[in-house]
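Enquirer: the following comprises the amino acid sequence and a computationally predicted model.
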Amino acid sequence: MTVAGVEVERTAIPGLLVLRLPVHGDARGWFKESWQRQKMVALGLPDFAPVQNNVSFNAEVGVTRGLHAEPWDKLVTVATGRVFGAWADLRPGGGFGQCVTVEIDPGTAVFVPRGVANGFQTLEPGTAYSYLVNDHWSADAQDAYTFVNLADEQLGIAWPVPAEQRIVSDKDRDHPRLTDVTPMTPPAVVVLGGTGQLGRALTERLPGARVLTRADVDLADPAALDALDLTGVGTVINATAMTDVDGAETPEGRRLAWQVNATAVAALARRCREHRTTLVHVSTDYVFDGTAEVADEETPVAPLGVYGQSKAAGELAVQAWERHYLVRTSWVVGEGKNFVATMESLAARGISPSVVDDQHGRLTHTSTLADGILHLLATDAPFGTYHLTDGGDHSTWAGVARAVFARSGRDPGDVTGVSTEEYFAGKPHAPRPRHSVLGLDKITATGFEPPVVEV
């Protein structure tokens with residue numbers, strides 16, 4: 001794939017990408033763009049947000065360094081000279097020990113994901129080897145490095161400069177063989193709200209995640225996040241919220257909604273920024289006023305009630321941190337109390353309910369929501385806002401209820417459709433959007449096709 005003259009090549013190591021860069025030269029010398037975010041993200045590189053640039057100057061041919069796997073991503077190239085680059089996958093899994101080699105000149109760069117060991121050998125004197133990284137180096141960070149011996153026979157690296165002519169540090173020469181290397185621990189995933197509908201679905205799919213419940217971190221407590229340790233955490237998925245739409249309109253509920261959905265979310269985003277941790281935050285169709293029949297990611301937010309207002313404020317806090325996925329969804333159905341479970345109970349008990357028939361949307365099964373979130377993370381999709389619901393045609397609450405009744409062996413006609421005004425007549429309630437259909441084109445473009453799930 002090529003964008004604006006930059007070409008990307010995939011390798012046998014997942015995530016290790018080779019870039020061919022245009023080098024513009026004249027009588028004075030040459031110029032190149034080692035990292036150009038817009039172009040390279042369009043080529044499929046992760047938006048890895050580099051924070052530090054390092055240069056290793058090597059005076060002689062045969063300087064050989066590595067192999068080091070650090071707890072960050074890097075983009076390597078040379079400012080002058082040439083190197084023979086070598087990479088070994090030290091991440092757990094079937095690719096452990098896979099090796100790739102590429103010669104790097106000023107027109108070549110390589111994106112190296114976390115957990116892939118990096119090494120090189122200089123082919124010209126005066127070689128300046130440059131690398132961008134997305135975390136700050138510190139002496140303590142070296143404790144998280146994983147090393148493998150650059151002469152390991154299992155790797156089979158065909159270093160072009162013979163062993164007797166190499167310039168190697170004692171430390172690099174003494175690195176362990178591959179058989180003695182423990183795979184590098186991947187960054188931890190933290191799930192907040194582990195006992196909720198979505199939290200349960202995520203827990204099933206992330207057996208190694210740190211799953212935190214309200215007993216562990218209660219976002220209603222203003223100090224709850226102060227003690228949250230994000231050391232070594234790569235991703236936080238916030239699957240908790242105050243979702244009592246009508247209760248949020250009461251004085252006590254209003255305070256709770258703003259604390260959990262906005263104030264605590266701002267604190268969480270701030271903690272993620274401090275640790276450079278990716279934040280996945282789940283929001284709602286209630287941030288819209290329902291005037292658009294289909295709301296896409298560019299539709300302006302205009303919440304009608306306190307719940308939607310507090311969620312919209314939380315969105316703003318999340319969007320202030322670059323490394324975020326803001327996932328809006330609607331009409332969530334999973335394990336636990338939800339609309340479909342209520343209709344099943346009514347059908348089983350012979351009750352014929354009146355159900356709102358003028359609010360339009362799609363259900364979102366937690367399986368769809370969890371799979372879509374994990375897809376965004378696994379594919380390094382561009383950070384930003386995504387709408388995510390089940391696929392297929394939209395319906396109304398009454399339409400969903402009729403489908404549940406039909407599946408349960410009851411006559412769908414036993415469900416009476418009523419207007420929102422009729423349903424809430426004489427009852428205090430929050431305003432609700434009449435249209436909650438979320439456009440799915442953006443997440444579909446990342447390669448995730450929201451499934452059509454039976455009620």
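Expert: Received it, and whenever you're ready, just let me know what you need. Here the structure is a predicted model, which means the values were calculated and not measured. Residues are numbered from 1 along each chain as shown.
Enquirer: got the confidence number for residue 1?
Expert: Looking at residue 1, its pLDDT reads 67.
Enquirer: could you find the closest non-adjacent residue to the residue nearest in space to the middle of the chain?
Expert: Note on the chain: the residue nearest the mean C-alpha position is residue 377, at 3.5 Å, using CA atoms, centre = their mean. Across the structure, with CB to CB, 6 or more residues apart in numbering as the measure, the residue nearest residue 377 apart from its sequence neighbours is residue 235 (6.2 Å). The way it works is simple: take the backbone N, C-alpha and C, and place the C-beta from them, glycine included.
Enquirer: surely the residue nearest to the centre of the chain touches residue 278?
Expert: Yes: counting by CB atoms under 8 Å, residue 278 is a contact partner of residue 377 at 7.4 Å.
Enquirer: anything in contact with each of these two?
Expert: By the contact definition CB atoms under 8 Å, 6 or more residues apart in numbering, residue 377 and residue 278 are jointly contacted by 235, 325.
Enquirer: for stretch 382-394, how far is the first residue from the last?
Expert: End-to-end distance of stretch 382-394: 27 Å, with CA to CA, to the nearest Å as the criterion.
Enquirer: now swap in stretch 138-153 and tell me
Expert: Separation of the first and last residues of stretch 138-153 by CA to CA is 31 Å.
Enquirer: what does it rub up against?
Expert: Residues external to stretch 138-153 that are found in contact with it (CB under 8 Å, 6+ apart): 64, 66-71, 86, 88, 90, 115, 117, 119, 135, 155, 157, 159, 163, 168, 172-178, 181-184, 232.
Enquirer: can you give me the mean pLDDT across that stretch?
Expert: The predicted model assigns stretch 138-153 a mean pLDDT of 85.
Enquirer: just give the nearest non-adjacent residue to residue 159, would you?
Expert: Taking CB to CB, 6+ apart, and ignoring the residues beside it in sequence, residue 159 has residue 121 as its nearest neighbour in space, at 5.4 Å.
Enquirer: okay, now the unreliable bits of this structure?
Expert: Within the chain, the segments meeting pLDDT under 70 span 1.
Enquirer: give the contact list for the residue in the chain sticking out farthest from the centre.
Expert: If you look at how far each residue of the chain sits from its centre, by CA atoms, centre = their mean, the farthest one is residue 164, at 46.1 Å. Contact analysis of residue 164 by CB under 8 Å, 6+ apart lists nothing.
Enquirer: on the three-state scheme, it is what?
Expert: In three-state terms, and counting by DSSP: H, G, I helix; E, B strand; the rest coil, residue 164 is helix.
Enquirer: try residue 269
Expert: Using three-state DSSP, the three-state assignment for residue 269 comes out as helix.
Enquirer: same deal with the one 10 residues further on?
Expert: Three-state secondary structure (criterion: three-state DSSP) places residue 279 in strand.
Enquirer: residues in contact with it?
Expert: Applying CB under 8 Å, 6+ apart, one finds that residue 279 lies in contact with 235, 236, 238, 268, 269, 272, 318, 321, 323, 324, 325.
Enquirer: mind doing that once more with 6 Å?
Expert: For residue 279, the contact set (CB atoms under 6 Å, 6 or more residues apart in numbering) comprises 236, 269, 272, 324.
Enquirer: so which of those residues is the closest to residue 261?
Expert: Comparing the contacts of residue 279 against residue 261 with CB to CB picks out residue 269 as the nearest, at 12.7 Å.
Enquirer: from what I can see the closest one touches residue 321, true?
Expert: Yes: taking contacts as CB atoms under 6 Å, residue 269 lies within contact range of residue 321: 4.6 Å.
Enquirer: more crowded one of those two?
Expert: Per other CB atoms under 10 Å, whichever of residue 269 and residue 321 has more neighbours is residue 269, with 24 against 21.
Enquirer: how far away is that one from residue 73?
Expert: Relative to residue 73, residue 269 is positioned 21 Å away (criterion: CB to CB, to the nearest Å).
Enquirer: what about the residue nearest to residue 377, helix or strand, and which?
Expert: For residue 235, the element it lies in under DSSP states H and E is strand 233-238.
Enquirer: neighbouring strands of that strand in the sheet, and parallel or not?
Expert: strand 188-192 (parallel), strand 278-284 (parallel) (DSSP bridges).
Enquirer: tell me which residues are up against that strand.
Expert: Outside strand 233-238, the residues within contact range by CB under 6 Å, 6+ apart are 187, 188, 189, 190, 191, 192, 272, 277, 278, 279, 280, 281.
Enquirer: give me that answer again for 8 Å
Expert: If you take CB under 8 Å, 6+ apart as the criterion, strand 233-238 is touched by 186-193, 202, 210, 230, 265, 268, 272, 275, 277-282, 373, 377.
Enquirer: if we can go back for a sec, identify the bridge partners of the residue nearest to residue 377.
Expert: In this structure, residue 235 has beta-bridge partners residue 189, residue 278, where bridges are defined by DSSP bridges.
Enquirer: next one: phi and psi at residue 345?
Expert: In terms of degrees, to the nearest 10, the main-chain angles of residue 345 are phi -60, psi -40.
Enquirer: how close does it get to residue 156?
Expert: Applying CB to CB, the value for residue 345 to residue 156 is 63 Å.
Enquirer: these two: which is more packed in?
Expert: Neighbours around residue 345 and residue 156, counted as other CB under 10 Å, are more numerous at residue 345. The numbers are 12 against 9.
Enquirer: so who does the nearest residue to residue 276 once chain neighbours are set aside touch?
Expert: Nearest residue to residue 276, sequence neighbours excluded (CB to CB, 6+ apart): residue 135, at 5.9 Å. When the contact criterion is CB under 8 Å, 6+ apart, the partners of residue 135 are 51, 52, 71, 72, 141, 276.
Enquirer: how about the helices in the stretch 301-450 of the chain?
Expert: 306-319, 339-348, 366-378, 397-407, 420-423, 441-444 (DSSP state H, counting those that start in this stretch).
Enquirer: please apply the same query to the stretch 101-250 of the chain.
Expert: 170-173, 197-205.
Enquirer: can you name every helix or strand that the last one contacts?
Expert: Using 3 or more CB pairs under 8 Å, 6 or more residues apart in numbering; DSSP states H and E as the contact criterion, the elements in contact with helix 197-205 are strand 188-192, strand 210-212, strand 332-333, helix 366-378.
Enquirer: residue contacts, residue 180?
Expert: Contacts were defined as CB under 8 Å, 6+ apart; by that measure residue 180 touches no other residue.
Enquirer: start to end distance for stretch 240-254?
Expert: 17 Å.
Enquirer: typed the wrong thing, it's stretch 332-339
Expert: Start to finish, the residues bounding stretch 332-339 are 8 Å apart (CA to CA).
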